[in-house]
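Participant: Attaching a predicted model along with its sequence, questions to come.
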Amino acid sequence: MNFEKLLNEKKIEKIEKTNFDINQLEKDLEFSRKSLEFNNYGWVMAITYEIVLKASNKLMNFLGYRSIGKEHHKNTFEFMNEIDIDTGLITFFNKIRVKRNNFIYREADKVSKKEAEEIINKAEEFVRKIRTFVRKIRT
């Protein structure tokens with residue numbers, strides 16, 4: 001894990017390390033899954049994306065960093081790529097970042113139920129992998 005490039009590019013900055021607790025995110029994921037019942041899949045995507053972003057930020061803070069700048073969401077995923085938890089999932093959620101941005105700010109990009117379910121499933125996997133990563137580095 002080398003974050004020097006991101007630090008030099010002013011995409012992240014060092015901060016005091018924080019405790020790592022993502023227990024609330026499990027409840028948030030449950031809420032996201034239950035939200036499928038309302039058939040508003042764009043918002044399910046947006047909520048689930050925020051959960052993934054929050055999990056990533058909690059990991060960053062635990063390691064003593066935070067993303068900064070106008071593109072702080074994008075910078076968060078660049079940071080996550082340096083950790084190498086699962087590049088496929090990070091690439092997936094970076095694409096969801098763009099789709100969510102279009103949904104929120106341009107009211108574009110329709111989301112199907114199948115896609116919303118896939119986003120939730122991958123978010124659950126992502127949170128598990130972050131939890132496992134933290135357990136490994138704590139021991």
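Facilitator: Looks like it came in fine.
Participant: only C-alpha atoms for contact and neighbour calcs from this point on.
Facilitator: Noted.
Participant: Tell me the secondary structure of the nearest residue to Leu63 once chain neighbours are set aside, please.
Facilitator: In this structure, Leu63 finds its nearest non-sequential neighbour in Lys17, 5.9 Å apart by CA to CA, 6 or more residues apart in numbering. Of the three states, Lys17 takes coil under DSSP: H, G, I helix; E, B strand; the rest coil.
Participant: Touching, Lys17 and Leu59? I think so.
Facilitator: No: Lys17 is beyond contact range of Leu59, at 9.7 Å (criterion: CA atoms under 8 Å).
Participant: out of these two, which sits in the more crowded spot?
Facilitator: Leu59 (24 against 15; other CA atoms under 10 Å).
Participant: for whatever helix or strand that one lives in, packing partners?
Facilitator: Using DSSP states H and E, Leu59 maps to helix 41-63. The helices and strands touching helix 41-63, judged by 3 or more CA pairs under 8 Å, 6 or more residues apart in numbering; DSSP states H and E, are helix 23-34, strand 65-67, helix 72-83, helix 87-106, helix 113-138.
Participant: Kindly reformat those as TSV containing distance to Ile51, mean neighbour count and mean pLDDT.
Facilitator: Formatted as TSV, the helices and strands packed on helix 41-63 follow (distance: least, CA to CA, whole Å; neighbours: other CA atoms under 10 Å; pLDDT from 0 to 100):
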stretch	distance to Ile51	mean neighbour count	mean pLDDT
helix 23-34	6	15	95
strand 65-67	16	23	97
helix 72-83	12	19	96
helix 87-106	11	16	94
helix 113-138	8	16	96
